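Asks: Here is my input, please return the structure:
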Amino acid sequence: MKPYSPVHIISENSKCGCSINLPIRGHCRPTKNCAACCYAKSGYTRLPASMRKQIYVSRYLASKDISRLKEECRAKSAVRISGTGDLLMSHVKNLVQLAKDLPMVQFWGMTRKLEIANAVNKKVPNLRILLSVDGTSPSRVWNYQGPMCWGPRIATDQVKDDPRIKTVFPYHFVGRVVKGMPRHAKDCKAVWHEISGCLSCGRCWSWS
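Replies: Numbering: from 1, shown residues only. Model (predicted):
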């Protein structure tokens, strides 16, 4: 039997444009709120075919040859890292090299892991990762001095007035913000459907 290989390594959707999707299991380090509100636990990303692809992509990103991914990314203006799941340290070397080899492409994303944020940021100008925090994050994450995002933001959250927080993601399910959610000044406009998607904004990677 021929070994499994997806038609495309990159996944596409209307909000992010395109992303490198990774598994939840064995990859994520969720907070209490993250685990309760995780958008990747339902919908298309939880179909057996999608989960099979996520496992493949994780192994591929840690492999010796990522030339196929490089060719797919070459045609894109921006690629989200870990659209689902989270990065492993075994992905970092290839991810940094990918950004170095394709300086015209913006690579961006989020992670819950301090070690990933520290290992990735400030290595290559076109590779930018936000440390994801929320109201149930452990206190140690606030020692991180780099860029952050807050999500999920539930209705009772008091988001810290902190310049490190670049974007806030209100709790949303199946593409819609849940009922009764108040607005926050740093809320992602794409989640509220006020813009067409991430490529129309760029806030998550245009920080200085």
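Asks: Pull the number of nearby residues for the residue nearest to residue 87 when sequence neighbours are not counted.
Replies: Distance criterion C-beta to C-beta, 6 or more residues apart in numbering; nearest residue to residue 87, sequence neighbours excluded, is residue 116 at 5.0 Å. C-beta: built from backbone N, CA, C; applies to glycine. By other C-beta atoms under 10 Å, the residues close to residue 116 number 24.
Asks: and residue 116, what pLDDT?
Replies: According to the prediction, residue 116 has pLDDT 98.
Asks: Equivalent analysis for residue 110, please.
Replies: pLDDT, read off for residue 110, is 97.
Asks: For the worst-scoring helix or strand of the chain on mean pLDDT, which strands pair with it and how are they oriented?
Replies: Ranking every helix and strand in the chain by mean pLDDT, DSSP states H and E puts strand 172-173 at the bottom, with a mean of 88. The pairing partners recorded for strand 172-173 under DSSP bridges are strand 176-177 (antiparallel).
Asks: tell me the mean pLDDT for the partner strand?
Replies: Throughout strand 176-177, pLDDT has a mean value of 93.
Asks: Check stretch 93-106 too.
Replies: Throughout stretch 93-106, pLDDT has a mean value of 98.
Asks: Report the buried residues of it.
Replies: 94-96, 98-99, 102, 105-106 (16 or more other C-beta atoms under 10 Å).
Asks: how about the helices of this protein, start to end?
Replies: Assigned helices in the chain, in chain order: 32-37, 48-61, 67-74, 89-101, 114-120 (criterion: DSSP state H).
Asks: any chance of those helices in a markdown table, plus distance to residue 186?
Replies: Shown next, in a markdown table, are the helices of the chain (distance: least, C-beta to C-beta, whole Å):
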| stretch | distance to residue 186 |
| --- | --- |
| helix 32-37 | 17 |
| helix 48-61 | 29 |
| helix 67-74 | 28 |
| helix 89-101 | 26 |
| helix 114-120 | 19 |
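Asks: ok so, going back, list the contacts for the residue nearest to residue 87?
Replies: Residues counted as contacts of residue 116 (C-beta atoms under 8 Å, 6 or more residues apart in numbering) are 86-87, 89, 92, 129.
Asks: do residue 27 as well
Replies: Applying C-beta under 8 Å, 6+ apart, we find residue 27 in contact with 58, 85-88.
Asks: if I look at it, how far off is residue 175?
Replies: Residue 27 is 23 Å from residue 175, where distance means C-beta to C-beta, to the nearest Å.
Asks: Grab the nearest non-local neighbour of residue 101.
Replies: That would be residue 70: by C-beta to C-beta, 6+ apart, it lies 6.1 Å from residue 101.
Asks: So that neighbour sits against residue 100, correct?
Replies: No. If you go by C-beta atoms under 8 Å, residue 70 and residue 100 don't touch, sitting 10.7 Å apart.
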